[in-house]
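Asker: below are the sequence and a predicted model for it; my questions follow.
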Amino acid sequence: MTNGNAATGLRDLNAGIPGADQIKGAVSAVYDDVASWSRTGGFWNWGMHCPELLNELTDICPNFNAGVSDGFSEQLYFQTLRGLPYSKNDFKSLNVLEVGCGMGEGLNFLSRLVDPARAVGLDLSGAAIRRANALLARGDRLSYVEGDAERLPFSDGEFDLVINVESSHNYPDVERFFGEVVRVLKPGGHFSIIDVYDSRSYARFGALQQEVGELTWIHERDVTENVKSSIRQRMAPGSFFRKEYARKQMPIRARIIGGLGGAHYAGADFIGHRDALSRVLELARVRPKFVGQYESYRHHLARRA
């Protein structure tokens, strides 16, 4: 958290959340590690597979993955635009922020798809942001900033659309994140969030929907089965994901965390798949234990008053 305002007062910011600094440090370290070996394209998240969505995406951008990915991660990002009251021409005047952008591939894809006036990605991982700016940034049209989702280094009302993809489950203080989203959104702007939930986090999310009065929730879609379909296809022998995983020159620690064929990275735990090696490594504390009993994966869309 070395980015200006995002670093200032971090201890005070998280004083009420036990272990918040440790959680953020661990998440940032994982993405720093991933950024050191990840290649452009390929795999950005668990992805989703939906024939209807895929057809719509292909109509807009034929051959959008052009042999450089399996197309599942792109579908998940495209889902964030579903339900928005914007045409492609409308985007040309919009400022878009992605919070938790990782290495920036998803926002790069969306910015090329709908061509917003300005797109900014923010992430906690300094290594991921440096990589994104080196490989993907395009001046003022697309840029990446290191920072904290719970203390966004942006002005009030700076953005028309904020998106958050498979990221908020890592935040110690989701309530503060929601407050920051409201602050940086223009009146009438939209917030599109897609993430994985267990029973506790989904109940917490539902409570937040009632508590944050400045946001009106206008769309919800359960994409659990679509995400599981993506994971199963990626885990299949000979899949694009497995071939790319085998080719990557990764440190042994990253291989251990990823498990056989990268199953852990691909979301194997979400579909109930845990091989014998994973259990042994968890018992030996070589690889972190999968502690979240995630039950659903959902897309929510809100409008700021």
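Answerer: Everything's here; your move. Model, not experiment: these values are computed from the prediction. Residues are numbered from 1 along each chain as shown.
Asker: every contact and neighbour count from this point should use C-alpha atoms.
Answerer: Will do.
Asker: now Ser199: phi and psi?
Answerer: phi -60, psi -40 (degrees, to the nearest 10).
Asker: pretty sure it is touching Glu295, no?
Answerer: Yes - look at Ser199 against Glu295 with C-alpha atoms under 8 Å: they come within range, at 6.9 Å.
Asker: immediately after the strand ranked longest in the chain, which helix or strand?
Answerer: Identified as the longest strand of the chain according to DSSP state E is strand 185-197. Following strand 185-197 in sequence order, the next helix or strand is helix 199-211 (DSSP states H and E).
Asker: quick one: buried residues of that next one?
Answerer: Across helix 199-211, burial judged by 16 or more other C-alpha atoms under 10 Å covers 202, 209.
Asker: next one: it to chain centre, how far?
Answerer: 19 Å (C-alpha atoms, centre = their mean, to the nearest Å).
Asker: what pLDDT, on average, does it get?
Answerer: Mean per-residue pLDDT for helix 199-211: 95.
Asker: same deal with stretch 248-267?
Answerer: Averaging the model's pLDDT scores along stretch 248-267 yields 82.
Asker: hang on, the earlier thing: which neighbours do Ser199 and Glu295 have in common?
Answerer: When C-alpha atoms under 8 Å, 6 or more residues apart in numbering defines a contact, no residue borders Ser199 and Glu295 alike.
Asker: now the angle from the longest strand of the chain to helix 199-211?
Answerer: 160 degrees (axes from the mean of the first three to the mean of the last three C-alpha atoms, to 10 degrees).
Asker: could you shift the numbering so residue one becomes 325, and keep it that way?
Answerer: With 325 as the first residue, the last one maps to strand 509-521.
Asker: ok, residues contacting strand 509-521?
Answerer: Contacts for strand 509-521 (C-alpha under 8 Å, 6+ apart): 404-405, 408, 480-493, 505, 618-629.
Asker: what lines up beside it in the sheet?
Answerer: Strand 509-521 has its sheet partners listed here by DSSP bridges as strand 483-489 (parallel), strand 620-628 (antiparallel).
Asker: tell me which of the ones you listed is the most buried.
Answerer: Mean neighbours per residue, mean count of other C-alpha atoms under 10 Å, is largest over the strands paired with strand 509-521 for strand 483-489, with a mean of 23.
Asker: and the helix or strand Leu446 falls within, what does it pack onto?
Answerer: Assigned by DSSP H and E, Leu446 falls within strand 442-447. Applying 3 or more C-alpha pairs under 8 Å, 6 or more residues apart in numbering; DSSP states H and E, we find strand 442-447 packed against strand 419-423, helix 429-438, strand 466-470.
Asker: re the thing from before, need the strands paired with strand 509-521 in JSON lines with mean pLDDT and distance to Leu460, can you?
Answerer: Shown next, in JSON lines, are those (pLDDT from 0 to 100; distance: least, C-alpha to C-alpha, whole Å):
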{"stretch": "strand 483-489", "mean pLDDT": "98", "distance to Leu460": "18"}
{"stretch": "strand 620-628", "mean pLDDT": "98", "distance to Leu460": "26"}
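Asker: now render those as JSON lines, adding distance to Cys385.
Answerer: Formatted as JSON lines, these follow (distance: least, C-alpha to C-alpha, whole Å):
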{"stretch": "strand 483-489", "distance to Cys385": "21"}
{"stretch": "strand 620-628", "distance to Cys385": "22"}
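Asker: and of the helices and strands packed on strand 442-447, who's closest to Ala458?
Answerer: With C-alpha to C-alpha as the criterion, Ala458 lies closest to strand 466-470 of these, at 9.7 Å.
Asker: starting at the chain centroid, how far to the closest one?
Answerer: Remark: strand 466-470 is offset 15 Å from the chain centroid, using C-alpha atoms, centre = their mean.
Asker: tilt between that strand and helix 429-438?
Answerer: Put simply, strand 466-470 runs at 160 degrees to helix 429-438, going by the same axes, to 10 degrees.
Asker: so the closest residue in space to Phe396 that isn't next to it in sequence, which state does it fall into?
Answerer: In this structure, Phe396 finds its nearest non-sequential neighbour in Gly371, 4.5 Å apart by C-alpha to C-alpha, 6 or more residues apart in numbering. Counting by DSSP: H, G, I helix; E, B strand; the rest coil, the backbone at Gly371 sits in coil.
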